[in-house]
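> Give the three-dimensional model of this entry:
(one chain, ligands or ions: 2)
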Amino acid sequence: MAEEKSLNFIEEIIENDLKSGKHTHIATRFPPEPNGYLHLGHAKSICLNFGLALKYGGKTNLRFDDTNPVTEETEYVEGIKGDVKWLGFQWAEELYASDYFPQLFEFAVTLIKKGLAYVDDSTSEEIAAQKGTPTQPGINSPFRNRSVEENLALFNDMKAGKYPDGSKVLRAKIDMAHTNMLMRDPVLYRIKHAHHHRTGDTWCIYPMYDFAHGQSDSIEKITHSICTLEFVPHRELYNWCIDNLEIYPSRQYEFARLNMTYTMMSKRKLLQLVNEKHVSGWDDPRMPTLCGVRRRGYTPEAIREFCDRIGVAKRDNLIDISLLEFCVREHLNKIAARRMVVFDPLKVVITNYPEGKTETLTSENYPEDPNGSLREMPFGREIYIEREDFMEVPIKKYFRLAPGQMVRLKSAYIIKCDEIIKDTHGKISELRCSYIPESRSGNDTSGIHVKGVIHWVSAAAFIPIEVRLYDRLFNVEDMGAVDDDFRNHLNPESLKVLPTVYAEPELAHAKPGEHFQFLRMGYFCLDTDATTGKLIFNRTSTLRDMWAKEVKK
Ligand code: ATP
Ligand code: MG
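Ligands and ions are numbered 1, 2, ... in the order given. Reported below is the predicted structural model:
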């Protein structure tokens, strides 16, 4: 039986709201700004918002928070939609804050009419200087007492395009001595003669985040607007706008953003890595983006499990990336088909196997499923094994191949090493072995028991593939704590390409999106760079945590 999980603090709030009758249903939203691709931090927010609605029978909107015309692009909108679907969630409605521009403009007019907003001709420097400091009150703008009529006329002229960028703003009239700096007459609208990805050139004034977000929530009747902790100081302004506009009372709740070791989750910095070609693109398999981890072979199930395990925190913390890798392995172990691939080949000639003979052996794709499918593998007189699966002078308890020692070839025969052939540099170039014909896997009548099992490929039938091995993108555990340029901490070893390794022929049929366990080598998937002529596989993860820290279940 599944363990009864205690409620997180947002679930507690929701359950209370449903119990008290404050809400009869809940509505959440996921509000990305389309200025980059989604990352694992967004996945946390997606799982939380969509998860709550699923749990409590509500709905979740996908709302593009596209109020900043300069950085936003349609390409990102499409990417984000694909990523949310891939994670396994379906939104109730696809909405755009930019669709609310006419309504937001009217809201601003309402505030002006109530004497709660004014047009200010101060420069941004002057406005900053008026703000004061956390310990000192600000000072009123000389334009603060304009009449409602003048403000309405000026605001309409701003909208009509009569003024250049930066020459005027609309500000809320609250209190320049407010203890919350954000309440000191915040800017609500600014002039920006810029092309917007959806509204084109219709608008040259754009609402600020604080004037767009809460009102968009309210328009959609979002009950619980969940965001990250840096928005705590904004909550007062969020409520001020909604209360003074007397519109649907959406309410904001904050949780700790997801930070993970050895990576970094800021679209701005990730964009810099892309633009400066430190990575191959947003979907570079080392990136913490959803398109990156997808290309790497992470599964949505593993990411959802990870988000579930880390829970919803009220304080900022740093999550060990090993926990995500653990969830990935746990899922892939169940779904990955097994294949044999030799990374560092050492030739083995089976001297008592008839020359010219080949046979077809079978091996299970999913060893944990006793009725699972089988695949065929050609076997012959010459094979390759992993160089590290042989030791000329074996250490104690070495159960793999050694002179005079026997080992089982996975799904094939037991072989014994009879002779070592070396090249002129003294390097082992070939092993001469004999096999036990009665020891065939599945039909072993030899009576011989060996402890070691190694993987192999047929020398006559293997296919060459490229594999790409990935490691952590940064070599510092807490990237949030570095005070110099984050690019100084890129891990130079984060990508290792092995241009030719030897794979069993079945891998030629690998399809995009399939997951494989290359026996003893890790989990792999076909890379998007692969072509029919050149197979390229990404290592999704090693089989075990190579970074030693124990992950508690
Ligand atoms: P970035 O700093 O990477 O640009 P952002 O917060 O500006 O992130 P948005 O597109 O505005 O990105 O975020 C959409 C939603 O995802 C917001 O509700 C935001 O709070 C949430 N979110 C973003 N990053 C994280 C994170 N690391 N952990 C949890 N939620 C996050
Ligand atoms: Mg943002």
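> Next, count neighbours for V187.
Residue neighbour count, defined by other Cβ atoms under 10 Å, stands at 16 for V187. For every residue, glycine as well, the C-beta is placed using N, CA and C.
> What about the closest residue in space to it that isn't next to it in sequence, how many residues nearby?
The spatial neighbour of V187 that comes closest, neighbours along the chain excluded (Cβ to Cβ, 6 or more residues apart in numbering), is V169 at 4.7 Å. By the measure other Cβ under 10 Å, the count of residues near V169 is 25.
> element containing the residue of the stretch 1-150 of the chain found nearest ligand 1?
When Cβ to the nearest ligand atom is the measure, the stretch 1-150 of the chain has its nearest residue to ligand 1 at G41, with 2.2 Å between them. Under DSSP states H and E, the secondary-structure element containing G41 is helix 40-55.
> Just the buried positions in stretch 329-349, please.
Of the residues in stretch 329-349, 329, 331-332, 336-343, 345-349 count as buried by neighbour count, 16 or more other Cβ atoms under 10 Å.
> Restricting to C-alpha, output it in PDB.
Output in PDB follows, covering the C-alpha atoms of stretch 329-349 (Å, rounded to 0.1, in the frame of the first residue of the first chain):
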ATOM      1  CA  ARG A 329      17.900   5.100 -13.100                       C
ATOM      2  CA  GLU A 330      15.000   3.700 -11.100                       C
ATOM      3  CA  HIS A 331      12.600   4.300 -14.000                       C
ATOM      4  CA  LEU A 332      15.000   3.300 -16.800                       C
ATOM      5  CA  ASN A 333      15.800   0.100 -15.000                       C
ATOM      6  CA  LYS A 334      12.200  -0.900 -15.600                       C
ATOM      7  CA  ILE A 335      11.800   0.200 -19.100                       C
ATOM      8  CA  ALA A 336      15.100   0.100 -20.800                       C
ATOM      9  CA  ALA A 337      15.800  -2.800 -23.300                       C
ATOM     10  CA  ARG A 338      19.200  -4.500 -22.700                       C
ATOM     11  CA  ARG A 339      21.800  -4.400 -25.400                       C
ATOM     12  CA  MET A 340      25.500  -5.400 -25.500                       C
ATOM     13  CA  VAL A 341      28.100  -2.800 -26.500                       C
ATOM     14  CA  VAL A 342      31.800  -3.000 -26.100                       C
ATOM     15  CA  PHE A 343      33.500   0.300 -25.500                       C
ATOM     16  CA  ASP A 344      37.200  -0.800 -25.400                       C
ATOM     17  CA  PRO A 345      37.400  -3.900 -27.600                       C
ATOM     18  CA  LEU A 346      39.700  -6.800 -27.100                       C
ATOM     19  CA  LYS A 347      39.500  -9.500 -29.700                       C
ATOM     20  CA  VAL A 348      38.800 -13.100 -28.600                       C
ATOM     21  CA  VAL A 349      39.300 -16.000 -30.900                       C
END
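> Quick one: mean pLDDT over stretch 426-442.
Averaged over stretch 426-442, pLDDT sits at 97.
> what comes up buried for that stretch?
Residues of stretch 426-442 classed as buried: L431, C433, S434, Y435, I436, S439, R440, S441 (neighbour count, 16+ other Cβ under 10 Å).
> mind giving me CSV with the residues you listed and columns for distance to L409?
Shown next, in CSV, are these (distance: Cβ to Cβ, whole Å):
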residue, distance to L409
L431, 12
C433, 10
S434, 12
Y435, 8
I436, 11
S439, 9
R440, 10
S441, 8
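> possible to save these as TSV with secondary structure and distance to A412?
What follows is those, written out as TSV (DSSP: H, G, I helix; E, B strand; the rest coil; distance: Cβ to Cβ, whole Å):
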residue	secondary structure	distance to A412
L431	strand	15
C433	strand	12
S434	strand	14
Y435	strand	8
I436	coil	11
S439	helix	9
R440	coil	7
S441	coil	6
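> Quick check: of these, which lies closest to ligand 1?
Distances from the buried residues of stretch 426-442 to ligand 1 were compared by Cβ to the nearest ligand atom; the smallest belongs to S441, at 48.3 Å.
> Give the full set of residues in contact with the closest residue to ligand 1 within the stretch 401-550 of the chain.
Among all residues of the stretch 401-550 of the chain, G480 sits closest to ligand 1, at 10.5 Å; criterion: Cβ to the nearest ligand atom. Residues near G480 by Cβ atoms under 8 Å, 6 or more residues apart in numbering: N259, M264, L318.
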